[in-house]
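K.L.:
I would like the atomic coordinates for the input below:
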Amino acid sequence: MNEINYIHHMQLYFASNNHHKRIEMSRLLGSHTLLLPKDKGIAFSPEENGQTYIENAIIKAEALYSIVKAPVISDDSGLSVKALGGAPGIHTARYGDDESSHQLSDRDRYMLLLKNMEGVKDRSAVFTTALCLILDENRRYIIQESCEGAIALTPSGTSGFGYDPVFWIKEANAISADLPEGEKDRYSHRGKAARIMAELLRIEENRHD
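P.N.:
Next up is the predicted model:
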């Protein structure tokens, strides 16, 4: 079994190529350092063929752990819209991409969502995040959290990324992108999950002090 240097500052590999997610997760996890695969010259593009957020989070974490053999954390998130039958769901990050691998910008994606929601009265939606932490071959933690809300009629705000300009957070009674980063973290799906994960990391550190 691999030995892990448990100190109050842990280095974790983040199974993602998304720089915005890394910034947000780094802020949420506090003192821990998150390394993207590309930071170490690792080409990382696992096939995310799971049927749930948890399955895809596990796929990404296991794929990177098999390469680095060091603590890894992964995230799989998505937006489920009731009127669209739960879509885009696990396909949120690829919503609107065509078979030729043409990738839309964040703005293109949320504008496409608004177009598909034209005339729809029930705009309820939920954001979900699944996090998977692999410490070694025998220990892992999986957390899933959510944030309820609705799809706005028009975009608003400049904070955050992804679908934040069109997601109204029920608990905050505000558009996600209108909230300062720290305020958004109080309510967001990723904020809720990451706070629990940060506590688990503190427990692990205390076990090995």
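
K.L.:
going forward, measure contacts and count neighbours with C-alpha atoms only.
P.N.:
Fine.

K.L.:
What helices and strands are in contact with the longest helix seen in the chain?
P.N.:
The longest helix of the chain (DSSP state H) is helix 189-207. With contacts taken as 3 or more C-alpha pairs under 8 Å, 6 or more residues apart in numbering; DSSP states H and E, helix 189-207 sits against helix 19-29, strand 124-136, strand 139-151, helix 181-187.

K.L.:
For Ile42, the count of nearby residues, please.
P.N.:
12 (other C-alpha atoms under 10 Å).

K.L.:
for the helices and strands packed on helix 189-207, which one ends up most surrounded?
P.N.:
Mean neighbours per residue, mean count of other C-alpha atoms under 10 Å, is largest over these for strand 124-136, with a mean of 23.

K.L.:
packing partners for that strand?
P.N.:
Where contact means 3+ C-alpha pairs under 8 Å, 6+ apart, strand 124-136 is packed against helix 53-68, strand 72-81, strand 139-151, helix 189-207.

K.L.:
ok, of those, where does mean pLDDT dip lowest?
P.N.:
Averaging pLDDT over each of those singles out helix 189-207 as the lowest, with a mean of 87.

K.L.:
list the buried ones in that one?
P.N.:
189-198, 201-202, 205 (16 or more other C-alpha atoms under 10 Å).

K.L.:
Save the helices and strands packed on strand 124-136 as CSV, and put in distance to Gly30 too.
P.N.:
Below are the helices and strands packed on strand 124-136 laid out as CSV (distance: least, C-alpha to C-alpha, whole Å):
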stretch, distance to Gly30
helix 53-68, 20
strand 72-81, 14
strand 139-151, 18
helix 189-207, 8
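
K.L.:
closest to Tyr13 out of these?
P.N.:
With C-alpha to C-alpha, the closest approach to Tyr13 among the helices and strands packed on strand 124-136 belongs to strand 72-81: 4.6 Å.

K.L.:
quick one: contacts of the closest one?
P.N.:
With C-alpha atoms under 8 Å, 6 or more residues apart in numbering as the test, strand 72-81 has contacts from 12-16, 53-54, 56-58, 60-61, 64-65, 86-93, 123-135, 150-151.

K.L.:
Direction-wise, compare it with strand 124-136 and give the angle.
P.N.:
Interaxial angle, strand 72-81 versus strand 124-136 (axes from the mean of the first three to the mean of the last three C-alpha atoms, to 10 degrees): 170 degrees.

K.L.:
excluding its backbone neighbours, what's nearest Asp97?
P.N.:
Gln103 (5.2 Å; C-alpha to C-alpha, 6 or more residues apart in numbering).

K.L.:
how much space between the one you found and Asn49?
P.N.:
Gln103 sits 18 Å away from Asn49 when distances are taken as C-alpha to C-alpha, to the nearest Å.

K.L.:
of these two, who's got more company?
P.N.:
Neighbour tally, Gln103 and Asn49, criterion other C-alpha under 10 Å: the higher count belongs to Gln103, 15 against 10.

K.L.:
ok, the more buried one touching Ala93?
P.N.:
No: contact criterion C-alpha atoms under 8 Å: Gln103 and Ala93 do not qualify, at 9.5 Å.

K.L.:
show me what contacts Asp106?
P.N.:
161-163.

K.L.:
of all these, which comes closest to Glu181?
P.N.:
Looking across these and measuring by C-alpha to C-alpha, the closest to Glu181 is Phe161, at 10.6 Å.
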